[in-house]
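K.L.:
Predicted model follows, preceded by the sequence.
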Amino acid sequence: MTNTESRTAAEHSHDATQRPTAGAKNDRYLRALRRQPVDCTPIWIMRQAGRYLPEYRATRARAGSFLGLAKNPELACEVTMQPLDRFELDAAILFSDILTVPDAMGLGLYFAEGEGPKFERPVRSAADIDRLGVPDMEGELRYVMDAVRLIRRTLDGRVPLIGFSGSPWTLACYMIEGGGSDNFARIKAMAYEQPDQLHRLLEVITRAVIAYLDAQRLAGAQALQVFDTWGGVLSPTLYREFSLRYLQQIAAALPRGKGDDQAPLVLFGKGNRPYLSELAASGAEAVGVDWTIDLDEARRRCGPGVALQGNLDPTVLYASPAAIEREAARVLEAFGPGDGHVFNLGHGISPDVDPAHVGVLVDAVHRLSRRPGNG
Ligand code: CP3
């Protein structure tokens, strides 16, 4: 069943009245982040441009590799647009990776087939940290800014464009471990044994992250998300010292722009449930949560001052369309009435999900959350 076949003709004509007309802006996503009223709850999906889409796999094959794709602005733009051409998503996200920053810092990113990301020159000593500096955003990272500019032009106002970065802690995990890790032994040993060295590393990464997000905004990104994928592996004491502190610095220091061009900052963290009130108090405009908390509770912990993004369990997409609709309804209901909800998965979509199920989810979220009279 495709996205189109799953809906009746009546639903289509109803949709047509809700959908922005050609050329008009769909700004539901930005309105929700600003906690303004919307006609229905906006949705985008973490990793929406990726391997679950056959057209992505085809473009990646043409590029030769994932990095070949990410470093080519035309191809990065092409794959950014692919999920939008299939589904009524309310935002586009720059096609890139969080590891572009350490790569530009000289660590030599590569992908070993079937093994995930790796660095040729991981950070292993104080001298390695001394050598690190903030990369030139229009130099080593120009390909990212060129992609942002091209995607923004190509979108032509269709939906807003999200820029992103990894969090300092999450980037440090990859930089020190040299790739993915099961137990984060090296970086945690460093946190316990040489906290000053780890802080020196996190400080230079934080400066790079702020410059990177700022450059993406200036190139055209309309919202900025920080992915703290690995904050949840820390004890509360270590989380506050090595992850939260730097997220707070980013929220405080990152320029957002002026007036209508203000780009909200979203702090997403896997396993951030114990720290929601602190994240909400950081000054970020929104907090992204995983699926291990109900949104009514997340809302209580965050208070009324931030928007919330989330939080369907990504594995729900393996279930039947009926189950997907039911679980989407549950997430919407948990958030409850009021403004400030951006629907998303609680983490990235898996590569073996049936794309038709994404269509079911996107349409269900819009239909079930429709608020007559708004927008
Ligand atoms: O959301 C989007 O559609 C934008 C694109 C995006 C990618 N990576 C593309 C990508 C984003 C936002 C990221 C962020 C990212 N990258 C994170 C944080 C988000 C999260 O999931 O918590 C992390 C930890 C990374 C590091 C990274 N890059 C990993 C772990 C992998 C997967 C390796 C594998 O083989 O499974 C990548 C590669 C990557 N980044 C892919 C995509 C689509 C798959 C590469 C491929 O085509 O084979």
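P.N.:
The structure has been received and is ready for your questions.

K.L.:
all contacts plus neighbour counts: C-alpha atoms, from now on.
P.N.:
OK.

K.L.:
okay, the residue in the stretch 1-150 of the chain positioned nearest to the ligand: pLDDT?
P.N.:
Per Cα to the nearest ligand atom, Arg47 is where the stretch 1-150 of the chain lies closest to the ligand, at 3.0 Å. In this prediction, Arg47 carries a pLDDT score of 97.

K.L.:
give me the element the closest residue to it other than its chain neighbours is part of.
P.N.:
Leaving out its chain neighbours, the residue that sits closest to Arg47 by Cα to Cα, 6 or more residues apart in numbering is Gly348, at 5.2 Å. Assigned by DSSP states H and E, Gly348 falls within no helix or strand.

K.L.:
surely Gly348 meets Ile45?
P.N.:
Yes: with contact defined as Cα atoms under 8 Å, Gly348 and Ile45 form a contacting pair (7.1 Å).

K.L.:
what sits up against the one helix or strand Pro83 maps to?
P.N.:
Using DSSP H and E, Pro83 maps to helix 73-86. Identification of contacts with helix 73-86 by Cα atoms under 8 Å, 6 or more residues apart in numbering yields 3, 48-50, 53, 55-56, 59, 63, 69-70, 89, 92-96, 143-144, 146-147, 150-151, 154-155, 359.

K.L.:
which among those end up buried?
P.N.:
With neighbours counted using 16 or more other Cα atoms under 10 Å, those contain these buried positions: 3, 48-50, 53, 55-56, 59, 63, 69-70, 89, 92-96, 143-144, 146-147, 150-151, 155, 359.

K.L.:
helix/strand/coil for Leu267?
P.N.:
In three-state terms, and counting by DSSP: H, G, I helix; E, B strand; the rest coil, Leu267 is strand.

K.L.:
which residues touch it?
P.N.:
Contacts of Leu267 (Cα under 8 Å, 6+ apart): Gln225, Val226, Phe227, Asp228, Leu247, Leu279, Ala284, Ala286, Val287, Gly288.

K.L.:
For the ligand, tell me which of the residues you listed show up nearby.
P.N.:
Among the contacts of Leu267, the residues lying close to the ligand (Cα under 6 Å from any ligand atom) are Phe227.

K.L.:
Let me know the closest of the contacts of Leu267 to the ligand.
P.N.:
Out of the contacts of Leu267, the member with the shortest distance to the ligand (by Cα to the nearest ligand atom) is Phe227, at 5.2 Å.

K.L.:
part of a helix, is that closest one?
P.N.:
No: Phe227 is assigned strand when assessed by three-state DSSP, not a helix.

K.L.:
ok, the residue lying closest to Pro37 once chain neighbours are set aside - contacts?
P.N.:
Nearest in space to Pro37, with sequence neighbours left out and distances taken as Cα to Cα, 6+ apart, is Asp339 at 5.7 Å. Going by Cα under 8 Å, 6+ apart, Asp339 touches Ala32, Arg35, Gln36, Pro37, Val38, Ala307.

K.L.:
Could you rerun that using 7 Å?
P.N.:
Contacts for Asp339 (Cα atoms under 7 Å, 6 or more residues apart in numbering) come out as Ala32, Arg35, Gln36, Pro37.

K.L.:
Then Gln309?
P.N.:
Gln309 neighbours (Cα under 7 Å, 6+ apart): Val287, Gly288, Val289, His341, Val342, Phe343, Asn344.

K.L.:
tell me the secondary structure for it?
P.N.:
Secondary structure assignment for Gln309 (three-state DSSP): strand.

K.L.:
what number of residues lie near whatever residue of the stretch 151-300 of the chain ends up closest to the ligand?
P.N.:
Residue nearest to the ligand within the stretch 151-300 of the chain: Thr229 (4.3 Å; Cα to the nearest ligand atom). Residues within reach of Thr229, counting by other Cα atoms under 10 Å, total 19.

K.L.:
to the chain's geometric centre, what's the distance from stretch 205-225?
P.N.:
Chain-centre distance of stretch 205-225: 13 Å, with Cα atoms, centre = their mean, to the nearest Å.

K.L.:
Can you list the neighbours in contact with it?
P.N.:
By Cα under 7 Å, 6+ apart, stretch 205-225 touches 134-135, 137, 145, 148-149, 152, 160-165, 168, 246, 250, 254-255, 263-268.

K.L.:
tell me which parts of the stretch 151-300 of the chain are close to the ligand?
P.N.:
Phe227, Thr229.

K.L.:
The helix or strand Leu150 falls within vs helix 73-86, what angle?
P.N.:
Using DSSP H and E, the secondary-structure element containing Leu150 is helix 142-155. Going by axes from the mean of the first three to the mean of the last three Cα atoms, to 10 degrees, helix 142-155 is angled at 40 degrees with respect to helix 73-86.

K.L.:
Pull helix 142-155 out as PDB, backbone CA atoms only.
P.N.:
As requested, the backbone C-alpha atoms of helix 142-155 are provided in PDB (Å, rounded to 0.1, in the frame of the first residue of the first chain):
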ATOM      1  CA  ARG A 142      32.200  24.900   2.900                       C
ATOM      2  CA  TYR A 143      30.500  21.900   1.300                       C
ATOM      3  CA  VAL A 144      28.000  21.800   4.200                       C
ATOM      4  CA  MET A 145      27.200  25.500   3.900                       C
ATOM      5  CA  ASP A 146      26.900  25.200   0.100                       C
ATOM      6  CA  ALA A 147      24.500  22.300   0.600                       C
ATOM      7  CA  VAL A 148      22.400  24.500   3.000                       C
ATOM      8  CA  ARG A 149      22.300  27.400   0.500                       C
ATOM      9  CA  LEU A 150      21.300  25.100  -2.400                       C
ATOM     10  CA  ILE A 151      18.700  23.200  -0.400                       C
ATOM     11  CA  ARG A 152      17.100  26.500   0.800                       C
ATOM     12  CA  ARG A 153      16.900  27.700  -2.800                       C
ATOM     13  CA  THR A 154      15.500  24.400  -4.000                       C
ATOM     14  CA  LEU A 155      12.900  24.300  -1.200                       C
END
